[in-house]
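S.K.: Have a look at this prediction, sequence included:
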Amino acid sequence: MPEAKEKGSQKVQEFKTFVKAHPHVLKKVKQKEKTLQELFEEWMLFGEEDPSWYEENQEEDQEDREATNEKGIGSMLGAIKQMNFEEVQKGIEQFSGAVYSIQEVLSQFRKPKSQPPYSQSHSPFPFRHD
């Protein structure tokens, strides 16, 4: 019987470690959907590697990402509202002019495509081979 108590308390300690590593598991206890005893029994029955422990965490991560995206879109829309489109247009025109100038300079350094010096039909020698 003492071995059973030691084994039981060891499992309790393992469960505590599991809960510390995965605090989202306690969300159901806080929302009063399950008791700590029920979670412990499920943990004993299914083990740590059961996907059900991680589905809850993935849902929370998805909710966090969605909230972050909404905040990002809101701040981006706010920035667009504050933009002076005349200044943006001037900046684009200046950038376009700079690109055109660079293209002009580069075209001056390009070598024209030359034809191969001689092909077989245009031999540099006026005589033929027999």
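M.R.: The structure has been received and is ready for your questions.

S.K.: just the strands in this protein please.
M.R.: Read by DSSP state E, the chain holds no strands at all.

S.K.: Could you list the low-pLDDT ranges of it?
M.R.: 1-8, 55-69, 112-130 (pLDDT under 70).

S.K.: Which parts of it are helices?
M.R.: 2-21, 27-30, 36-46, 52-82, 85-109 (DSSP state H).

S.K.: Now render these as a markdown table, adding mean neighbour count.
M.R.: Glycine gets a C-beta too; all of them are placed from N, C-alpha and C. Listed next are the helices of the chain as a markdown table, based on neighbours: other C-beta atoms under 10 Å:
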| stretch | mean neighbour count |
| --- | --- |
| helix 2-21 | 11 |
| helix 27-30 | 13 |
| helix 36-46 | 13 |
| helix 52-82 | 11 |
| helix 85-109 | 9 |
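
S.K.: Test my guess that residue 28 contacts residue 34.
M.R.: Yes: taking contacts as C-beta atoms under 8 Å, residue 28 lies within contact range of residue 34: 4.5 Å.

S.K.: Would you quantify the distance from residue 107 to residue 98?
M.R.: Going from residue 107 to residue 98 by C-beta to C-beta, to the nearest Å gives 15 Å.

S.K.: How about residue 111?
M.R.: For residue 111, the distance to residue 98 - C-beta to C-beta - is 24 Å.
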